[in-house]
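[1] A structural model of the following input is requested.
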Amino acid sequence: MEKEIKKANLGSGGNYLTGYVNVDNNALEKADVVHDLNRYPYPFQNNEFDEILASHVIEHLGDPLDFLQELWRIAKPGAQITIKCPHFSCNWLHPRHKSAISINLFTFLDHNNSEKYLNADFQVNSVKMRWLLGRQGKRGRLSARFFNGIISGLANLNPALAERIWCYWVGGFEELIFLVTANKHSD
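    Predicted coordinates for the structure are as follows:
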C-alpha cells in the first residue's frame with residue numbers, strides 16, 4: 001500500500017490546488033482552511049506535511065523568519081518546500097509587501113554561520129531568479145519570453161553576481177524560487 005502524501009498550499013489566494021490543503025486568510029477565496037499566516041502556531045500538527053508550497057506569501061508576512069520556523073514545525077522530515085516570492089529589486093511594486101527577500105534567505109539558518117537564527121535546518125536544493133512572470137499581452141509575449149529566457153538564464157549562472165550588480169541594469173527580477181528540504185530526523 002502506497003503512503004499518502006500530504007501537501008499544503010499556504011497563502012493559496014485564487015490559486016486553489018487539488019490534492020493540497022489550501023490555506024488563505026481571505027474567507028472570500030476558495031480555501032480548505034481560513035487562517036491568518038501571521039498568527040502562530042498554524043492549525044496543523046508537527047511533522048504533518050510531505051510537501052509545502054508558499055507562492056508569493058512570505059513577502060506579505062510580518063516576519064519571514066517566524067514563517068520559516070513554522071514551516072519547519074509543520075514539515076515532515078525530508079519534506080520538499082517551494083517558496084516563490086519577488087526578488088528585493090522588484091519587491092516594492094506591491095503596496096502590501098512587508099519584507100524584501102534576497103537569494104540569501106536561508107543563509108542565516110545555516111548552523112555554520114556565526115549569525116544564525118531559528119532552530120531549523122533546511123537544505124537548499126536550488127535558488128532561481130526569474131526576470132519576468134509572463135503577464136505581458138499577446139503582442140509582447142514572444143519577445144518577452146525570449147528576453148526572459150536569456151536574462152533569467154544568465155542570472156542563474158551566478159545568482160549572487162546578478163543580485164549584487166546587474167539586477168539593476170535589467171530592471172530587477174520579479175521572482176525568486178527556493179526549493180528546499182526540511183533536514184529533520186524522524187521522532
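
[2] distance of the residue nearest in space to the middle of the chain from residue 169?
    For the chain, residue 83 is the residue whose C-alpha lies nearest the centre (Cα atoms, centre = their mean; 1.6 Å). Distance, residue 83 to residue 169, by Cβ to Cβ, to the nearest Å: 26 Å. For glycine as for every other residue, the C-beta is placed from the backbone atoms N, C-alpha and C.

[3] number of nearby residues for residue 158?
    12 (other Cβ atoms under 10 Å).

[4] what's the average pLDDT for the helix or strand harbouring residue 68?
    Per DSSP states H and E: residue 68 is located in helix 64-74. Summarised as a single mean, pLDDT over helix 64-74 is 94.

[5] how about the strands in the protein?
    Taking DSSP state E to define them, one finds strands in the chain at 7-10, 21-24, 33-34, 49-55, 75-85, 122-130, 175-182.

[6] Throw those into CSV and include distance to residue 100, thanks.
    What follows is the strands of the chain, written out as CSV (distance: least, Cβ to Cβ, whole Å):
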stretch, distance to residue 100
strand 7-10, 19
strand 21-24, 23
strand 33-34, 27
strand 49-55, 16
strand 75-85, 9
strand 122-130, 14
strand 175-182, 11
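
[7] on that earlier part again, the helix holding residue 68 - contacts with which helices or strands?
    strand 49-55 (3 or more Cβ pairs under 8 Å, 6 or more residues apart in numbering; DSSP states H and E).

[8] picking that back up, just name the most buried of the strands of the chain.
    Among the strands of the chain, judged by mean count of other Cβ atoms under 10 Å, the one packed with the most neighbours on average is strand 7-10 (a mean of 24).

[9] Distance from that one to the middle of the chain?
    Taking the mean of its C-alpha atoms, strand 7-10 sits 12 Å from the chain's own mean (Cα atoms, centre = their mean, to the nearest Å).

[10] likewise stretch 16-33?
    That offset, for stretch 16-33, works out to 17 Å (Cα atoms, centre = their mean).

[11] tell me the mean pLDDT for that stretch?
    Per-residue scores along stretch 16-33 average to 94.

[12] buried stuff in that stretch?
    20, 21, 22, 23, 24, 25, 31 (16 or more other Cβ atoms under 10 Å).

[13] And the second one, how far from residue 50?
    Same thing as residue 21. 11 Å.

[14] Also the first one?
    Counting by Cβ to Cβ, the gap between residue 20 and residue 50 amounts to 11 Å.
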